[in-house]
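Asker: one predicted model, sequence on top.
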Amino acid sequence: MSITQNYKLNIIQWYPGHIAKAEKKLTEYLKLVDVVLEVRDARIPLATHHPRIGEWVTGKTRVLVLNRVDMILPQVQQVWTKWFKSQGELPYFTNAQQGKGVGAVLKAAQAAGVAINERRNSRGMLPRPVRAVVIGFPNVGKSALINRLLKRRVVESAARPGVTRQLRWVRISEELELLDAPGVIPLKLENQEAALKLAICDDIGDASYDNQIVAATLVDIWKNLRVNTADFIPDNPLESRYKLDPTPLTGEEYMFALAEYRYQGDVEKTARSLLTDFRKGLLGEIPLELPPG
């Protein structure tokens, strides 16, 4: 059964005026770029794939970065690595806040630069710094990644989507220049299940959604994973944290039961607390997607 079957259609709406402008600018800057660092959320690698990436990276080297590796279990990382390799891609897993895996991303970008300057040299052209761009959905950790690549804080980074609004070049080294771009989400996202996952992970930018529906969906997704893929999620994170077993309840029922049990019947406060706990990792390493097939 579809996660959204019990809910009205188009429950996630956004009004990304600044994102539309940024996307237009980004397509202009991409003409100047050699390497694209595409950052996705390791909890939802498919939902954080922008449908225009294919056309944006045509003729360029792409480095696929799956950030927030600390929020999934090692076995989830392994199955995603295997799946992406089967698709002809090599994913680089990072925890940009702590710097884990960032060195490998830098090496991959610089390796692409070596090849580019070898081509320039063969044409009698002088070498130049490789130009790379970091793109992805809002709040997936792009600015944190850039700060780690630079080894100093020069790009504003915050735990809310849409912090980066302007396009700007940052010099990483003599060999590499990086463009930090605002988060880009599709102007339309037909797949509401993907939109719900983006909302759960706070990767959706300027959006309007019902916290209670989104939090109930989180519970439903976790329950579905427990039934079908228990090896890839922590044991009973909801019961461990809230002392209330979700097993006999739907996500929506659990929200109301938890509200009565812990939050004086305040369902909205319950929803916000559950989403905040998930986003902070307080429920453990819960992926919302696993490889298809």
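Answerer: Good, I have the coordinates.
Asker: got the domain ranges for the protein?
Answerer: When the chain is parsed with automatic domain parsing, its domains come out as 13-180, 210-279.
Asker: show me where the stretch 101-250 of the chain has helices.
Answerer: Here the stretch 101-250 of the chain has its helices, by DSSP state H, counting those that start in this stretch, at 102-122, 142-150, 192-201, 211-228, 237-242.
Asker: show me the one of the ones you listed that comes nearest Asn67.
Answerer: Distance to Asn67, taken as C-beta to C-beta, is lowest for helix 142-150 among those, at 6.6 Å. All C-beta atoms are positioned from the backbone trio N, CA, C, and that covers glycine.
Asker: go ahead and measure how far the closest one is from the middle of the chain.
Answerer: Average the C-alpha atoms of helix 142-150, do the same for its chain, and the two points are 15 Å apart (C-alpha atoms, centre = their mean, to the nearest Å).
Asker: next, count neighbours for Arg52.
Answerer: By the criterion of other C-beta atoms under 10 Å, Arg52 has 15 neighbours.
Asker: likewise Leu26?
Answerer: 20.
Asker: check contacts around Leu149.
Answerer: By C-beta atoms under 8 Å, 6 or more residues apart in numbering, the contact list for Leu149 reads Val102, Val105, Leu106, Ile172, Leu178.
Asker: let me know the pLDDT of the second one.
Answerer: Think Val105. Looking at Val105, its pLDDT is 95.
Asker: which residues touch it?
Answerer: Leu37, Val63, Val65, Tyr92, Thr94, Leu145, Leu149.
Asker: most neighbours, which of those residues?
Answerer: Counting neighbours by other C-beta under 10 Å, Leu145 leads the contacts of Val105 with 29 neighbours.
Asker: show me what contacts that one?
Answerer: Leu37, Val39, Val65, Asn67, Thr94, Ala96, Val102, Val105, Val134.
Asker: and which of those residues is nearest Asn228?
Answerer: Nearest to Asn228 among these: Asn67, at 25.5 Å, using C-beta to C-beta.
Asker: please tell me I have it right and Arg131 contacts Val36.
Answerer: No. In this structure, Arg131 is not within contact of Val36 by C-beta atoms under 8 Å, at 10.2 Å.
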